[in-house]
Structure formats: C-alpha cells, structure tokens
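Student: Give me coordinates for this.
(chains A and B)
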Amino acid sequence: MPLSDSEIIENIRRGATHHYARLIDSYKEKAMTLAVRMLKNREDAEETIQDAFIRAYNALDKFEGASKFSTWFYRIVYNTCLTKLGQRRKEFESLDYEDEKDYGNIEEWQSSSVLSDLEVKDMVIFIKKAIDTLPAKYGTILSLFYFQELSHNEICDIMDVPVGTVKTHLFRARALLQERLAKELQQETMTV
Amino acid sequence: MKHLTSTQIQEYLDGLISGLSLNEIELHLRTCQDCQSKLNALKRIDRVLHRIQLERVSPSFTERVMKQLNIKESSSLAWTIFKNIAPLFALMLVTGIVLVVMYMSGALQGEELQQPIQQTQSVYNGFSSGVSSAIGALNEWISRYFSFAFARTTYGTTFFLIVFFSVVALLDKFLLMPMMRKRG
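Tutor: Prediction:
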C-alpha cells in the first residue's frame, strides 16, 4: 500500500531522506502545470519548481501538518513563481478584471451553441490551446482548481486572497476561456 | 420567472450551495431550459478541463533535485548486497593472482617458506574438501528435486535460471524493498 504524504514526511524526519524522491514524483507534474501557467515558459517553469522542491525540503521541519502537505507545497511553488516573475510580478498581480472588454460579455458566453457540437476529445485540444492564450493569472487559477484539485479555501491560502476573490477569478477565467475557445473555433471553421 | 445569475450557476456547479438555496436552484433548473443550457455549457467545459493532461517534466528531474539536495536514492536489496560483497571478491581475486604470480616466478620456492606453504596447503585442502562435499550435497539435492532443469537439456537449465532470478528480483522489488522503505 502506498504511503501517505504525512507518513513519507515522518520517514524523512527519521532519517530516511531518500523518501523525498517519492514526494517529488507525486507532485512534480502538478507543480510543473502550475508553474507553466504562471510563467508561460517551460524552461523557467522547470527551473522554478526545482527550486521550490529544494526550498520545501529545507523547510520541511517547519511544516507542522496543520494544513495538507499539498497546500503547503503549492504555496511554496506559487511564491517561488512570483519571485521568478520579478518585474512581471506587478503585471501578474495587478490584473483586476476591471476592464470588461477583456473577457467579453459574461452573460452571453454560457449560452454559446458553438461548443455543444464538438466532441469532448476535440474540445480538449481547443481548450488546451485557449488556456495557453489566457493571461497568467487566469491560467493560474484554473490550474489550482482543476489540475491541483484544490478547494476554494485552499486556493485562498495559497494566493493569499479572500474567498470572494477566488470565486470571481475562477468565474472570469472560465468566461474568458469559453470566449477564447469560441473564437478559436470560429477561426478554425473559417480556415476549413 | 427570474433567471439564475451566472454566479449562482457557477456556485451550484462547484458545489458551494447548500440547504434551501440548493433546493430553489434545482427546482428552477428543472423548469428553465435557458438556465439548464447555461449550466450544461459550463459542465462541458468543466469536464474537459478535468481531462487535460498535466505538464511533463524532463525524465531526469527527480534525480537532479535529489542530487542538488545531496540525497542518495536507495538501491535495491540485491544491488546493496552485491555492492557490499563485491570488495571481498575483488580482494580474494587480487590475492589469488598475486599468489599465482609469486608461485610461478619461484618466489615461493625458498626452504624457509616451505613450512608456512605446507600449513597453508593443508588449510586449503581442508577448506576445498569441505567446499567439495558441500557442492556434492547441493548437486545431489538439486538432481533429486530439480532434475527436470539440470538432467535433460540446456534449455531446461536456462529456463530454470531465468525463472529463479526473476522470482528473486520480484521478491526483492515488491516484498523486501517495500518492507525496508516502510521501516525507513
């Protein structure tokens, strides 16, 4: 039976440090997904999560187990990515969704019929493309919710924002995603 | 009838609504085609997002991080045993080669060396006869119980050896190593 995160951490604390490889294997792809969404560059993302794993290992004694290891670790990944963003961090954080034209008419997108004609497997391709075109902050919130499978409250802890902000960000990320997806599909049908 | 807001639909989808509000929303969704189609569109996106694969890292990623942290990854029990006994075998081999070279070059021919050589010879003889009888007993045991592998064809022997080492490797990987990991 596979060991739980807390059992692995307990083993590491007792000296079986090689068990850290198991934690790396469990979280590397999810961490990479988050970092790619935030940094929009694979090389930077891999370098950053490598740094995050090293930081997490060195801070493992400070992990008290009050929250899940995953939440604690993703917070490290998130903050390491923010540091990596450097000058671009302001741009990432200042995206306040005030400009409605950025994400279109929210009320209209949900009734769009273009999407209902598509097979799910085709939608996967289009949505992946559309996610790549989203501003980093929207991609990040989608990544935390769908790929890291975190709850709204866990996302609050990681991003250090109120739960209302998480809901709004997620809503607008989905709205923008659907809008981009519809555009992508229109372009596709025009070229065929 | 007043339609559901986009926020309500999304919160319903995310499971954030409970109690009376949940009943009201479900009732409305049963009767309002418009809101139902909005919910379905969101559900579709939701389902697809769950199916998108995670981003991959380079194959040597874990190894690289462990190396940077200066942590050695644990190896299998068979490899650990081999690593530990390998120096002993190497020492025996080197000693044997040195002795053979000395004997052949005549360095061990001197009279003063004859007595210790004879003593060594008798120890060696005792040891080799012990080993011979042990091998003989093993052979007898093998030919009694594993004659199917050794008495008939080379294929039988090869097959037996492959099965034997596969069983040892599987036991090592799935039984001994997990036990060792659990003990930390």
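
Student: how far does the longest helix along chain A sit from the chain's center?
Tutor: In chain A, ranked by residue count with DSSP state H as the criterion, the top helix is helix A:163-191. Distance of helix A:163-191 from the chain centroid (Cα atoms, centre = their mean, to the nearest Å) equals 16 Å.

Student: buried residues in that helix?
Tutor: Neighbour-count burial for helix A:163-191 flags A:165-182, A:184-185 (criterion: 16 or more other Cβ atoms under 10 Å in any protein chain shown). The way it works is simple: take the backbone N, C-alpha and C, and place the C-beta from them, glycine included.

Student: now, which of these lie close to chain B?
Tutor: For chain B, the contacts drawn from those by Cβ under 8 Å from any Cβ of the partner chain are A:Lys167, A:Leu170, A:Phe171, A:Arg174, A:Ala175, A:Leu177, A:Gln178, A:Leu181.

Student: give the contact list for the first one.
Tutor: If you count contacts by Cβ atoms under 8 Å, 6 or more residues apart in numbering or on different chains, A:Lys167 has them with A:His152, B:Thr7, B:Gln10, B:Glu11, B:Leu16.

Student: what's the pLDDT at residue 60?
Tutor: Assuming you mean chain A. Per-residue confidence at A:Leu60 stands at 91 (pLDDT).

Student: Chain B is the one I meant
Tutor: For B:Ser60, pLDDT reads 90.

Student: And A:Ser111, by the same measure?
Tutor: For A:Ser111, the pLDDT comes out at 49.

Student: remind me which residues of chain A are low pLDDT?
Tutor: A:1, A:93-120, A:189, A:191-192 (pLDDT under 70).

Student: Helices of that one, start to end?
Tutor: Along chain A, counting by DSSP H, helices occupy A:5-13, A:20-39, A:42-58, A:69-85, A:88-93, A:106-109, A:120-133, A:136-142, A:152-159, A:163-191.

Student: what about dumping the CA coordinates of the fifth one to CSV?
Tutor: As requested, C-alpha coordinates have been extracted for helix A:88-93 and formatted as CSV (Å, rounded to 0.1, in the frame of the first residue of the first chain):
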residue,chain,number,x,y,z
ARG,A,88,6.5,40.9,-14.4
ARG,A,89,5.1,40.2,-11.0
LYS,A,90,3.3,43.6,-10.8
GLU,A,91,1.7,42.9,-14.1
PHE,A,92,0.6,39.4,-12.8
GLU,A,93,-0.8,40.8,-9.6
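
Student: tell me what that helix is packed against?
Tutor: helix A:69-85, helix A:136-142 (3 or more Cβ pairs under 8 Å, 6 or more residues apart in numbering or on different chains; DSSP states H and E).

Student: Can you give the distance from the shortest one to the centre of its chain?
Tutor: Yep, that's helix A:136-142 we're talking about. Worked out by Cα atoms, centre = their mean, helix A:136-142 lies 6 Å from the chain centre.

Student: do stretch A:149-162 as well
Tutor: Distance of stretch A:149-162 from its chain centroid, counting by Cα atoms, centre = their mean, is 11 Å.

Student: Now do A:Glu91 against A:Glu47, distance only.
Tutor: Taking Cβ to Cβ, to the nearest Å as the measure, A:Glu91 falls 20 Å from A:Glu47.

Student: Among these two, which residue is more densely surrounded?
Tutor: Remark: of A:Glu91 and A:Glu47, A:Glu47 carries more neighbours, 15 against 12, as counted by other Cβ atoms under 10 Å in any protein chain shown.

Student: how much space between the closest residue to the more buried one other than its chain neighbours and A:Gln148?
Tutor: In space, A:Glu47 comes closest to A:Lys84 once its chain neighbours are excluded; the distance is 7.9 Å by Cβ to Cβ, 6 or more residues apart in numbering or on different chains. According to Cβ to Cβ, A:Lys84 stands 18 Å off from A:Gln148.

Student: before we move on, what about B:Met102?
Tutor: Between B:Met102 and A:Gln148 the computed distance is 69 Å (Cβ to Cβ).

Student: Report the contact partners of the closest residue to A:Ala173 other than its chain neighbours.
Tutor: Leaving aside its chain neighbours, A:Ala173 sits nearest to A:Tyr138 (3.9 Å; criterion: Cβ to Cβ, 6+ apart). Contacts for A:Tyr138 (Cβ under 8 Å, 6+ apart) come out as A:Leu95, A:His169, A:Arg172, A:Ala173, A:Leu176, A:Leu177.

Student: how far away is A:Trp72 from A:Tyr78?
Tutor: Here A:Trp72 is placed at a distance of 11 Å from A:Tyr78 (Cβ to Cβ).

Student: Now do the same contact list for the nearest residue to A:Glu154 once chain neighbours are set aside.
Tutor: In space, and not counting its chain neighbours, A:Glu154 is closest to A:Thr71: 4.8 Å by Cβ to Cβ, 6+ apart. With contact set as Cβ under 8 Å, 6+ apart, A:Thr71 has these partners: A:Leu150, A:Glu154, A:Asp157, A:Ile158.

Student: Identify the farthest-apart pair in these.
Tutor: Spatially, the most separated pair among the contacts of A:Thr71 is A:Leu150 and A:Asp157, at 8.8 Å (Cβ to Cβ).

Student: more neighbours, these two?
Tutor: Comparing A:Leu150 with A:Asp157 by other Cβ under 10 Å, the one with more neighbours is A:Leu150, at 21 against 17.

Student: Now the more buried one. Nearest residue, chain neighbours left out?
Tutor: A:Leu144 (5.2 Å).

Student: Could you report the separation of that neighbour from chain B?
Tutor: The gap separating A:Leu144 from chain B is 12 Å, by Cβ to the nearest Cβ, to the nearest Å.

Student: Quick one: the helices in chain B, in order.
Tutor: Using DSSP H, helices in chain B cover B:6-13, B:19-31, B:33-51, B:61-68, B:77-104, B:111-145, B:147-150, B:154-171, B:177-183.
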